[in-house]
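A.B. asks: Coordinates only, no sequence provided:
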């Protein structure tokens with residue numbers, strides 16, 4: 001996997017960065033133009049199987065000119081990765097393989113909780129919140145990634161035990 005750094009911004013400026021809030025059932029997607037530094041929620045993708053998922057992400061790359069993926073890795077407050085982190089990392093490796101687009105990982109700590117707070121404050125119903133939660137969490141994580149200057153957070157600790 002690539003270690004994104006500020007040096008990667010030149011390459012990324014030719015296209016968009018896609019933030020991924022990984023889940024085994026739904027995947028939140030956000031998009032950003034690194035030159036503008038603004039991320040926006042894009043969609044909540046309902047997983048449909050390996051081949052359908054591969055086709056969806058290949059189409060995303062082509063349609064939206066995605067030149068880099070950032071996959072959120074769930075981290076506990078202690079700094080240790082959660083059990084879902086290994087699945088997110090495996091998904092990132094698969095995503096890079098099927099699309100040919102570089103993938104970085106970034107700490108998504110608290111992004112889903114922050115997204116839930118925003119949606120609750122907006123007065124949305126539970127059903128409305130559920131459909132918007134994953135892409136908003138992806139946007140929050142991708143915004144943090146952009147604000148970090150495009151540095152992957154590899155300072156997390158593997159889950160013990």
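C.D. replies: Looks like it came in fine. Only a predicted model underlies this, so the values are computations on that prediction, with no experimental measurement involved.
A.B. asks: Can you show me the strands along the protein?
C.D. replies: Taking DSSP state E to define them, one finds strands in the chain at 16-21, 26-33, 38-46, 66-73, 103-107.
A.B. asks: can you redo these as JSON lines with mean pLDDT and mean neighbour count?
C.D. replies: The C-beta positions use only the backbone N, C-alpha and C, and glycine is treated the same way. Formatted as JSON lines, these follow (pLDDT from 0 to 100; neighbours: other C-beta atoms under 10 Å):
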{"stretch": "strand 16-21", "mean pLDDT": "96", "mean neighbour count": "27"}
{"stretch": "strand 26-33", "mean pLDDT": "95", "mean neighbour count": "23"}
{"stretch": "strand 38-46", "mean pLDDT": "94", "mean neighbour count": "18"}
{"stretch": "strand 66-73", "mean pLDDT": "95", "mean neighbour count": "25"}
{"stretch": "strand 103-107", "mean pLDDT": "91", "mean neighbour count": "24"}
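A.B. asks: any chance of these in JSON lines, with distance to residue 140 too?
C.D. replies: JSON lines is the format used below for these (distance: least, C-beta to C-beta, whole Å):
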{"stretch": "strand 16-21", "distance to residue 140": "9"}
{"stretch": "strand 26-33", "distance to residue 140": "8"}
{"stretch": "strand 38-46", "distance to residue 140": "8"}
{"stretch": "strand 66-73", "distance to residue 140": "9"}
{"stretch": "strand 103-107", "distance to residue 140": "11"}
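A.B. asks: quick one: low-confidence parts of the chain?
C.D. replies: The chain contains residues with pLDDT under 70 at 1-13, 76-77, 109-133, 150-161.
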